[in-house]
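Novice: Starting from these lines, generate the structure:
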Amino acid sequence: MSLLKIRRRPEPTVQMSERDRRLVWRLAALLLDYPGRDTLAMIDELSSAAAQLPDHVRPQIDGLLTHLRVTSPIELAASYVETFDLRRRASLHLTFYAYGDTRKRGMALLRFKHAYRHAGVELGDHELPDHLPVLLEFAATVDPIGGERLLGEHVPVIELLRLSLSDSGSPYAGVLGAVVATLPPLTTADRRRIAELAAQGPPEEEVGLEPFAMDPTMFAQSEGRR
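Specialist: Okay, here's the model as predicted:
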């Protein structure tokens, strides 16, 4: 990955309303999840919602919507797995970049678990709480203040993921760009952290993790998580 791209990302110049930020998070939560039958059946509805977004973020969402519309479900499924499940530098689990599957990651996951519990959300056993679509859905539909705080704390990781997807030509990169546009601009410390994470890569020590996961009843409108 070329770290020069970190300096080239245009910072958002338009102040987004809370409504627009939550709409971006809701759309991104659905679009970054596995492209199953239920999600693909919602393409027209998602496109109508995306049409309400400001001009500086709408094209980033529309690009993936077009890709989902014109690509076969089999190809979409295979591409999703190859992009997010088989590449260590394109994980949707935010704590993985700094901690990999090490013991320290368990403590980082507790930060998410406590935020969800504080908002009245109980955890189940089918998804780690740092999964980006889960966090985006939480921010969009449950607790925008707590959700935005967690997203803001992980801006370097989200931007690193955007860079990785952009470098590989993934249509998912635009959605990450839209999410980044809802958050505060990158600071010098953020850029330094991105460079560190990109250079080091996730640690490789493998240990068991407590099954932190979202309760399947948490989001009534959401498709089942993988």
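
Novice: Now do the longest helix along the chain, average pLDDT.
Specialist: When the chain is parsed with DSSP state H, its longest helix is helix 103-118. For helix 103-118, mean pLDDT is 88.

Novice: shaky segments in this protein?
Specialist: Applying pLDDT under 70 to the chain flags the ranges 1-14, 123, 125, 204-226.

Novice: mind listing the helices in it by residue range?
Specialist: For the chain, applying DSSP H gives helices covering 5-8, 18-31, 37-40, 43-50, 58-70, 73-80, 96-99, 103-118, 132-141, 144-153, 155-167, 173-181, 188-200.

Novice: could I get those as JSON lines with mean neighbour count?
Specialist: For glycine as for every other residue, the C-beta is placed from the backbone atoms N, C-alpha and C. Shown next, in JSON lines, are these (neighbours: other Cβ atoms under 10 Å):
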{"stretch": "helix 5-8", "mean neighbour count": "12"}
{"stretch": "helix 18-31", "mean neighbour count": "21"}
{"stretch": "helix 37-40", "mean neighbour count": "13"}
{"stretch": "helix 43-50", "mean neighbour count": "15"}
{"stretch": "helix 58-70", "mean neighbour count": "17"}
{"stretch": "helix 73-80", "mean neighbour count": "14"}
{"stretch": "helix 96-99", "mean neighbour count": "21"}
{"stretch": "helix 103-118", "mean neighbour count": "16"}
{"stretch": "helix 132-141", "mean neighbour count": "24"}
{"stretch": "helix 144-153", "mean neighbour count": "17"}
{"stretch": "helix 155-167", "mean neighbour count": "22"}
{"stretch": "helix 173-181", "mean neighbour count": "25"}
{"stretch": "helix 188-200", "mean neighbour count": "14"}
